[in-house]
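Colleague: From the sequence below, what's the structure:
(one chain, ligands or ions: 1)
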Amino acid sequence: MAGCELDSLEETLETHLPEAELREVKRILFGKQTEKLDLPACAVDAASERNFELKGYKFEATQEQLRPPRKVRVGLVQNHIVLPTDAPVLDQINAMHSRIGEIVEVAAMCGVNIVCFQETWTMPFAFCTREKEPWTEFAESAEDGNTTHFCQELARKYNMVVVSPILERDEQHSTLWNTAVVISNSGNMLGKTRKNHIPRIGDFNESTYYMEGNTGHTVFQTQFGRIAVNICYGRHHPLNWFMYSMNGAEIIFNPSATVGALSEPMWAIEARNAAIANHCFTCAINRVGTEHFKSEFTSGDGKKAHHDFGHFYGSSYVAAPDGSRSPGLSRTRDGLLVVELDLNMNRQISDKWSFKMTGRYAEYAEELSAAVRHDFKPNIVKE
Ligand SMILES: NC(=O)NCCC(=O)O
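Modeller: Residues are numbered from 1 along each chain as shown. Prediction:
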């Protein structure tokens, strides 16, 4: 079976394992079971009419005596591009706006408080081509671009925080960035945060287009909790997650665009490990589908030129600090994953496992400062 034909890992397990084994396999693979969330019938019907998968789960925390639960619903959106990559740029952007608009409407029916879209959601993932035109035309101002205005309307209409990852055009510095715009549920732009790490692997030729981010590890205080955005390739860097968490992030979103041949075995591990290591929730989002480009490009590996990047495998999921995770969305379909979190779990797990308390950060900081110097000598004892 070709990789992209497998629709979902969980469904495959469910189809082929007897019930008792399935329960045990799931416990070992996914941790404590996440219960299904009851979603309104109108949302289920609308998702089916609009041809996207809708799934809902909840992570429960222990009831405390002094603090009330802090329940938040997050919505993770994964989708195909709507029009072919050679359609006029504005038509492509508008088509993505209307697709996202109809998915966010369903998120609102499900009571979502914070929604996050996939990396550079308004455009095909065209960086594989190395062509500048027309792809740089998709870049927009984070403050005043049409996409930000569109998301502000959604935020206001549905009382929802919107995390909108775009290709940003920073006119003032004549620079492009890979940026997530964070819009408060009031409709005001709270701020923006830029991708810190740019891949230098495979067809991800992103350094041709934009620069490494300069916004550090900003955390945004929203009405529904403190959130941060670790964009795509940043998920391979444990210290990147760590710094968002050090700045107080309770939920870290990881909007991504990644393909099966490259990263799929790592996908289920990295965001989940970050949730465990940092006592927070993480939300991994990947686009879905295969995008075809008119001009052929090579991967610089001696193999034949080709017109597509490979299959973006979706599989968006949420991981909790207790090591459990939600089932993923499909590998092949557009989808909305609605997950209810109780943010009290972060402190409960921190009190239990105490990774933050037992971390030897002052030691690491000292050793790291030495290690980044050019005269660094590794601390190795030899006979
Ligand atoms: N978009 C992006 O950073 N992709 C890099 C590949 C990966 O991290 O799996």
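Colleague: In which helix or strand does the closest residue to the ligand within the stretch 51-200 of the chain reside?
Modeller: At 3.8 Å from the ligand, residue 199 is the closest residue in the stretch 51-200 of the chain, using CB to the nearest ligand atom. Placement of C-beta: from N, CA and C, glycine included. Following DSSP states H and E, one finds residue 199 outside all helices and strands.
Colleague: Now do the same contact list for it.
Modeller: Contact analysis of residue 199 by CB atoms under 8 Å, 6 or more residues apart in numbering lists 206, 232, 233.
Colleague: restrict these to contacts with the ligand.
Modeller: Restricting the contacts of residue 199 to those near the ligand by CB under 6 Å from any ligand atom leaves 232, 233.
Colleague: Make TSV out of the contacts of residue 199 and add pLDDT, neighbour count and secondary structure.
Modeller: Below are the contacts of residue 199 laid out as TSV (pLDDT from 0 to 100; neighbours: other CB atoms under 10 Å; DSSP: H, G, I helix; E, B strand; the rest coil):
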residue	pLDDT	neighbour count	secondary structure
206	95	25	helix
232	98	27	helix
233	98	24	helix
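Colleague: if we look at the longest helix seen in the chain, which residues are touching it?
Modeller: Assignment by DSSP state H gives helix 89-109 as the longest helix of the chain. The contact list for helix 89-109 (CB under 8 Å, 6+ apart) reads 39-40, 42-43, 46-47, 50, 52, 54, 75, 77, 79, 81-83, 85, 87, 115, 117, 121-124, 134, 137-138, 146-147, 150, 154, 157-158, 160, 162, 334, 336, 338.
Colleague: now do stretch 17-24
Modeller: 13, 14, 25.
Colleague: what about burial for those residues, which qualify?
Modeller: Buried residues within the contacts of stretch 17-24, defined by neighbour count using 16 or more other CB atoms under 10 Å: residue 13.
Colleague: now, which of the contacts of stretch 17-24 sits nearest residue 284?
Modeller: Residue 284 has its nearest neighbour among the contacts of stretch 17-24 in residue 13, at 19.2 Å by CB to CB.
Colleague: Contact partners for residue 159?
Modeller: residue 185.
Colleague: In CSV: the contacts of stretch 17-24, plus pLDDT and secondary structure.
Modeller: Below are the contacts of stretch 17-24 laid out as CSV (pLDDT from 0 to 100; DSSP: H, G, I helix; E, B strand; the rest coil):
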residue, pLDDT, secondary structure
13, 93, helix
14, 93, helix
25, 95, helix
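Colleague: Make TSV from the contacts of stretch 17-24 and add distance to residue 61 to it.
Modeller: Formatted as TSV, the contacts of stretch 17-24 follow (distance: CB to CB, whole Å):
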residue	distance to residue 61
13	27
14	27
25	25
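Colleague: Buried members of the contacts of helix 89-109 into PyMOL, please.
Modeller: The following PyMOL line selects those of the contacts of helix 89-109 that are buried, judged by 16+ other CB under 10 Å:
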select buried, resi 39+43+46+47+52+54+75+77+79+81+82+85+115+117+121+122+123+124+137+138+147+150+154+158+160+162+334+336+338
